[in-house]
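Asker: Sequence and predicted structure below; questions after.
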Amino acid sequence: MNAEHPQARATALRDRAILELLYAGGLRVSEVTTLSTGDLALDLGRVQVRGKGDKERIVPLGHAALELWRLFAAGKAASGPHQIGAKNSCGEAG
């Protein structure tokens, strides 16, 4: 897929936002893969995470993560809620 393609840009933006959650938020990969858009509270600057033992915690989001997620959410608003790390029918993250 061409890097200029809107889907490629959206995927790259999502990937950058996920990396920001992993690094700056200290989330585990397993925690990120189970997040849904409903877990993100961008207006409050935080994300609700379910971790080991099904324990829940609230993680504040830094400025960079908030901006990336706002941009991503603006592009995905029409598609409805979805799982952030979900795979499509081809096995690709989408």
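Answerer: Sure, I can see it. Keep in mind the model is a prediction, meaning the values are calculated, not measured.
Asker: ok, residue 44 to residue 69 distance?
Answerer: Here the distance between residue 44 and residue 69 works out to 12 Å (C-beta to C-beta, to the nearest Å). Yep, even glycine has a C-beta here, placed from its N, CA and C like the rest.
Asker: again with residue 41
Answerer: On the measure of C-beta to C-beta, residue 41 and residue 69 end up 10 Å apart.
Asker: Can you pick out the residue with more neighbours from these two?
Answerer: residue 69 (23 against 12; other C-beta atoms under 10 Å).
Asker: What distance do you get for the residue nearest to residue 50 when sequence neighbours are not counted to residue 35?
Answerer: Closest residue in space to residue 50, ignoring its immediate chain neighbours: residue 56 at 5.4 Å, by C-beta to C-beta, 6 or more residues apart in numbering. From residue 56 over to residue 35 the distance is 12 Å, taken as C-beta to C-beta.
Asker: Overlap of the contact sets of the two?
Answerer: Common contact partners of residue 56 and residue 35 (C-beta atoms under 8 Å, 6 or more residues apart in numbering): residue 49.
Asker: For the two, indicate the residue with more neighbours.
Answerer: Shown here are residue 56 and residue 35; by other C-beta under 10 Å, residue 35 has more neighbours (20 against 9).
Asker: Assess the claim that that one and residue 49 are in contact.
Answerer: Yes - Residue 35 lies in contact with residue 49 (C-beta atoms under 8 Å); the separation is 7.1 Å.
Asker: Understood, closing this out.
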